[in-house]
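show me how the following folds:
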Amino acid sequence: QVQLQQSGPGLVKPSQTLSLTCTVSSGSITTNAYYWSWIRQPPGKGLEWIGYITHSDSTYYSPSLKSRTSISRDTSKNQFTLQLDSVTPEDTAIYFCATLNWRLWFLDYWGQGTQVTVSS
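A predicted model of the protein is given here:
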């Protein structure tokens, strides 16, 4: 069973870059079984897809966030990272990493979630 552990700051100032890391254990980030994904949930709203990276380093980003988003992998550390540039208070949300089982199009495993608040 894959385990995902998130790390990163809970408070980011407006216009700065939000950076979160997801460390994978009990599995390898080089597997082709999953797309390594980021999702967020703003307060009082539903889940919002941010994007994912595949085992071949192809990426997909939500059109609404594409211009500010970068997802990358570090195979030596078994980690993948989200960077969201030029954040505003509207980016305040709980951020999750997750594995997307692309055969079933189902999110199998989730990180614990990180509350990120954008505020000066």
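
strands of this protein, start to end?
3-7, 11-12, 18-25, 34-41, 48-53, 59-61, 69-74, 79-84, 93-101, 106-110, 114-118 (DSSP state E).

deepest-packed of those, please.
strand 34-41 (a mean of 23; mean count of other C-beta atoms under 10 Å). Every residue, glycine included, has its C-beta placed from N, CA and C.

what angle do it and strand 93-101 make?
160 degrees (axes from the mean of the first three to the mean of the last three C-alpha atoms, to 10 degrees).

report the central residue of the protein.
What sits nearest the mean C-alpha location of the chain, by C-alpha atoms, centre = their mean, is residue 38, with 2.6 Å.

so what sits opposite it in the bridge?
Counting by DSSP bridges, residue 38 is bridged to residue 51, residue 97.

I figured it hits residue 53, correct?
No - because the distance of 9.0 Å does not satisfy C-beta atoms under 8 Å, residue 38 is recorded as not touching residue 53.
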